[in-house]
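J.: Next one to model:
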Amino acid sequence: MKFELIISNKNELTQLLEEVKEKQRRKQRGEKEETAQQKERRERLFRINHPMPSFQEAYRDHGMSRFVKLARPKENKAVWMTSFWPINWGDQSMMWPVSKNALSYKGTPRLEELATPKKDHRLDHPDRIPTESYDFSCGRPSVILKVNPLAMKAEPSDRVVELAKPKQTIPEFEERVQRDNYVFSCGRSSPIWAVSLGAKTAEERERTMQLAQPKKPDARYRPCRDPIWPVAEAAKRGSPTPRVENLARPKTRPDGPFREPTWQVSSASRRAVASARVQELAKSKQLAEGYQPCRNVETPVPKSALRAIATDRTQSLSKPVVRETMDHVQFNPDAFRVSETALRGRVPDRVLELAQPFSRK
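T.: The predicted model follows:
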């Protein structure tokens, strides 16, 4: 079998080889070759339904301007949609400009209700939870206790004065380190030492001058080429070849065969009458018999409930319970002590039954 084809894609070559192998297998099995209609049923065909792009419309520049355009590096298109001007984080500056409609928009009553901050119930009980403790800490009081003025005026006893004296060293003690080094550092001497006058006036030796020379690179070393190099005059005056012009043409993609939003309706379509079957299919799907819709989430409150006055018991139950935080509990030694009444209490039978563990086999 001979094939004279122009293969432009690796996938097409692979597909042709698979078809040839399939035909050889069918001949060996004695099967008939399938027709084009059967092959189309077995495989799903994809056809190109748009014309080829016109390269003449995409080409505009000539000569030096074309070279400058081709010499530009490729730009990242993702930056167009993801970049914005520099923003100082922490303030209320917007990343994107706010439209005038959004600035003049008035919120709905529901939105204003949700924007109302939560009430701080600690303000109703300042004696239990002082708000001053939360100004510079997490609510805990200062660990530095206030000293009583009477204690400030008291005179210490002889025993207290004796205990307050620092420990004295023995007379035979000799300090080995220099305390002057501990005044402004941790005891180490300065790394900068004094240079003697003889070293300052000494003459330089030839060996010292040789060692002071910096290390030289290898004779075969070549530095990196400068990314910007001068362009030759011949290259500036040159003109691209037709092959380069053909490769430089950008790929054009048409918008597609989109139809207009409005089109003319024929007179026959205007006079057409729908059949009984079409009218039956045009009916929307009905709900099942006995269907009850979901109950509305917002239940209207009756007027009698709106005009009702809460009792004293209801008002006492509606008050929030203010409990002390764990910061106060840790200073209370009786926080977890069980009362004597609870110790003498009797556990009901139902609680004992629920307290029994599960018996798993």
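J.: Now stretch 300-307 - C-alpha only, PDB.
T.: Extracted in PDB, the C-alpha atoms of stretch 300-307 (Å, rounded to 0.1, in the frame of the first residue of the first chain):
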ATOM      1  CA  PRO A 300     -45.600  37.900  60.500                       C
ATOM      2  CA  VAL A 301     -46.000  38.900  64.200                       C
ATOM      3  CA  PRO A 302     -49.700  39.500  65.200                       C
ATOM      4  CA  LYS A 303     -50.700  42.900  66.400                       C
ATOM      5  CA  SER A 304     -51.700  41.500  69.800                       C
ATOM      6  CA  ALA A 305     -48.200  40.300  70.400                       C
ATOM      7  CA  LEU A 306     -46.800  43.700  69.300                       C
ATOM      8  CA  ARG A 307     -49.000  45.500  71.800                       C
END
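J.: show me where pLDDT drops low in the stretch 51-200 of the chain?
T.: Scanning the stretch 51-200 of the chain for pLDDT under 70 picks out 51-61, 75-90, 122, 125-143, 175-191.
J.: All the strands of it, in order from the start?
T.: With DSSP state E, counting those that start in this stretch, there are no strands along the stretch 51-200 of the chain.
J.: so how many other residues sit close to P240?
T.: Look at P240: counted by other CB atoms under 10 Å, it has 15 neighbours. Every residue, glycine included, has its C-beta placed from N, CA and C.
J.: In what element of secondary structure is it found?
T.: If you go by DSSP states H and E, P240 is not part of any helix or strand.
J.: Now that it has come up, it's in contact with F67, right?
T.: Yes - P240 lies in contact with F67 (CB atoms under 8 Å); the separation is 7.4 Å.
J.: T116 - how many residues pack around it?
T.: 7.
J.: got the contact list for it?
T.: Going by CB atoms under 8 Å, 6 or more residues apart in numbering, T116 touches no other residue.
J.: So what does it look like in phi/psi?
T.: Phi and psi for T116, reported as degrees, to the nearest 10, are phi -70, psi 130.
J.: if I look at it, how far off is Y105?
T.: Distance, T116 to Y105, using CB to CB, to the nearest Å: 18 Å.
J.: Over to L150?
T.: 66 Å.
J.: Name the residue in the two with the higher neighbour count.
T.: More neighbours surround Y105 than the other of L150 and Y105, with 10 against 7 (other CB under 10 Å).
J.: What ranges does the stretch 151-300 of the chain have for its helices?
T.: Ranges of helices in the stretch 151-300 of the chain, per DSSP state H, counting those that start in this stretch, are 158-164, 197-201, 206-211, 233-237, 242-248, 267-271, 276-282.
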